[in-house]
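Asks: Sequence below, structure please.
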Amino acid sequence: MTAGRSVAIAFYPHHVEHLAPVCGMFDAPLLACDAPDMIAAVACYPGLDVRWMRGVGEHSPVRAIGQALRGLAPDVVYYSHLAGRPLLRNLFADGRGAPPRIVHCPHGFSEKRQDWAREVAFQDVALLPGRHALDQLVEFGVAPLLAYYVIGGNLRKLHYEAHRAFFDAVAARHGVVRDPARHTVLYAPTWNDRIGSSSLFAALEPLVRDLPAGHRLLVKPHPLSDRDAGTRARIDALCGGRRDVVVLRDCPLTMPFLALADSYVGDMSSLAYDYLAWQRPMVFLNQTAGSAADAAGSRLLACGMALAPANYGDVHAALARAAAVHATTHAAAQAALYAYTYEPGRSVADVRAALADVTSGPAPTWMDPRWAPRAAPARQDAGLG
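Replies: Residues are numbered from 1 along each chain as shown. As a prediction, the model looks like this:
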């Protein structure tokens, strides 16, 4: 890579899913740590020019990660972590030259009620999927602080459609091909975050135990959940030895599995919003029901059958009910919410031109360390994890 171009940086394997389309759009290399799960992740995407940060990971000191990046002298950096301004300054600017423009590419959209989502408004440039994300920042009270943003639509789906043969072959290597003789259920829980959003072990047992004959269950744990050895062991104990259950590991890729699934079960994972595009039966597990983070107000729950934790044992019956009433009850709501979440009609060329335009000027003054030499000194050696 020569100086004065774009670069993407992935701190976690699932970030690759959201950065690969941007890398293809700008012919940008992907900077990644050389951890085994990251190596497995990049193999799932076509044409990536990967620049390995040897010996550097998400828990490395910020200055080590920043040094690896600044050696490429990029004008624009795309990333999917959500860092505050002091950390961005420490990572991407060193005071010896003009700092790069920073574009935040969100790793999915969700309505989970977490305060850190407000940080999107404090980025340099935010790549938002659609009006839903913008209205969420209005609801948080931070939309007026958003300096630059681009509405991108569903770039990952467009990327999948452009490389469908490649991605379907990756899915096949993970043991998943289209099987018209079986009904395929995809279970995609979110990770066990601070507000307890994940339904993983509360729902996985009845999903596996009561799986109807002629059905196939695809279990896609969140990559962060699956990093934990204890979690992996518990999943294996529930799913091991079942020929009708496939656990998807070391593969942050999502679109081919969504395309293959005849129905979907999940909680407040961002994959639920992606699956709306396929207009098929859905069941939502409201893991936070009755708590301060209750997802009952989410528009997502109008797009399928919703279950509280006490009723997870009825999940397959709920899937049957969702299929029976899908056309008359949920299809229109799914189409409307998908169009609200992912701006329709956005092409790769449109988004590329908009991003090129918005990043053509100088970086904001807060990115220049000379303006804030004492900002967050304690974070200088802190890792990202």
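Asks: list the contacts for residue 207?
Replies: Going by CB atoms under 8 Å, 6 or more residues apart in numbering, residue 207 touches 185, 187, 217, 219, 265, 315, 316. Where C-beta positions appear, they are placed from N, C-alpha and C, glycine not excepted.
Asks: Out of those, which two sit at the greatest distance?
Replies: Spatial extent of the contacts of residue 207 (CB to CB) is set by the pair 219 and 316 at 14.6 Å.
Asks: hey, where'd the strands end up in the stretch 101-250 of the chain?
Replies: 101-104, 125-128, 148-151, 183-188, 215-219, 245-247 (DSSP state E, counting those that start in this stretch).
Asks: Report the separation between the two terminal residues of stretch 178-198.
Replies: Start-to-end span of stretch 178-198 (CA to CA, to the nearest Å) is 28 Å.
Asks: do stretch 233-251 as well
Replies: Using CA to CA, the end-to-end distance of stretch 233-251 comes out at 18 Å.
Asks: If you count neighbours, what's buried in that stretch?
Replies: 235, 238, 239, 244, 245, 246, 247, 248, 250, 251 (16 or more other CB atoms under 10 Å).
Asks: right, and the strands of the stretch 101-250 of the chain - which one's nearest residue 40?
Replies: strand 245-247 (14.3 Å).
Asks: After that closest one, which helix or strand is next?
Replies: From strand 245-247 onward toward the C-terminus, using DSSP states H and E, the following helix or strand is helix 255-260.
Asks: after that next one comes which helix or strand?
Replies: Heading C-terminal from helix 255-260, the first helix or strand you meet, by DSSP H and E, is strand 263-266.
Asks: What lies in contact with that next one?
Replies: Contact with strand 263-266 is made by 183-190, 199, 203, 207, 258, 271-272, 275, 280-285, 304, 315, 319, 322-323, as judged by CB under 8 Å, 6+ apart.
Asks: In helices, which of those appear?
Replies: Those of those mapping onto helices are 203, 207, 258, 271, 272, 275, 315, 319, 322, 323, per DSSP state H.
Asks: thinking residue 65 is in contact with residue 56, fair?
Replies: Yes: the pair residue 65 and residue 56 passes the contact test of CB atoms under 8 Å, sitting 5.8 Å apart.
Asks: neighbour-wise, which of these two wins?
Replies: residue 65 (24 against 19; other CB atoms under 10 Å).
Asks: and the lengthiest helix in the chain, how far from the chain's centre?
Replies: Using DSSP H, we find that the single longest helix of the chain is helix 13-26. Chain-centre distance of helix 13-26: 11 Å, with CA atoms, centre = their mean, to the nearest Å.
Asks: what element comes up after it heading to the C-terminus?
Replies: For helix 13-26, the following helix or strand on the C-terminal side (DSSP H and E) is strand 30-33.
Asks: what ranges of this structure fall below the confidence cut-off?
Replies: 1-4, 112-115, 191-196, 292-294, 370-385 (pLDDT under 70).
Asks: what's the domain layout of it?
Replies: The record's domain split for the chain, according to automatic domain parsing, is 6-153+343-379, 177-341.
Asks: what's the closest of the strands of the stretch 101-250 of the chain to residue 37?
Replies: Closest of these to residue 37 is strand 245-247, at 14.8 Å (criterion: CB to CB).
Asks: How far off centre is the closest one?
Replies: 21 Å.
Asks: Each with direction, which strands does it pair with?
Replies: strand 215-219 (parallel) (DSSP bridges).
Asks: tilt between the partner strand and strand 183-188?
Replies: Interaxial angle, strand 215-219 versus strand 183-188 (axes from the mean of the first three to the mean of the last three CA atoms, to 10 degrees): 20 degrees.
Asks: thinking again about what came up before, residue 219 and residue 316: which is more packed in?
Replies: residue 219 (23 against 20).
Asks: what is the more buried one paired to in the beta sheet?
Replies: Applying DSSP bridges to residue 219 gives these bridge partners: residue 187, residue 247.
Asks: Touching, it and residue 235? I think so.
Replies: Yes: applying CB under 8 Å, one finds residue 219 in contact with residue 235, separated by 6.9 Å.
Asks: what residues are shared contacts of these two?
Replies: 204, 247.
Asks: neighbour-wise, which of the contacts of residue 207 leads?
Replies: Counting neighbours by other CB under 10 Å, residue 265 leads those with 31 neighbours.
Asks: Against residue 296, how distant is it?
Replies: Relative to residue 296, residue 265 is positioned 18 Å away (CB to CB, to the nearest Å).
Asks: Of the strands of the stretch 101-250 of the chain, which is nearest residue 92?
Replies: strand 101-104 (6.1 Å).
Asks: coming back round to it: need the strands of the stretch 101-250 of the chain in TSV (columns: distance to residue 117).
Replies: TSV is the format used below for these (distance: least, CB to CB, whole Å):
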stretch	distance to residue 117
strand 101-104	11
strand 125-128	11
strand 148-151	14
strand 183-188	20
strand 215-219	27
strand 245-247	29
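Asks: and residue 364, what is it in contact with?
Replies: By CB under 8 Å, 6+ apart, the contact list for residue 364 reads 124, 147.
Asks: Next up, phi/psi of it, please.
Replies: Backbone torsions for residue 364, taken as degrees, to the nearest 10, come to phi -60, psi 160.
Asks: which SS class is residue 291?
Replies: Here residue 291 is recorded as coil under DSSP: H, G, I helix; E, B strand; the rest coil.
Asks: scratch that, residue 9 is what I was asking about
Replies: Put simply, residue 9 is strand when judged by three-state DSSP.
Asks: my guess is residue 74 contacts residue 9, does it?
Replies: No: the criterion here is CB under 8 Å, and residue 74 misses it with residue 9 at 9.3 Å.
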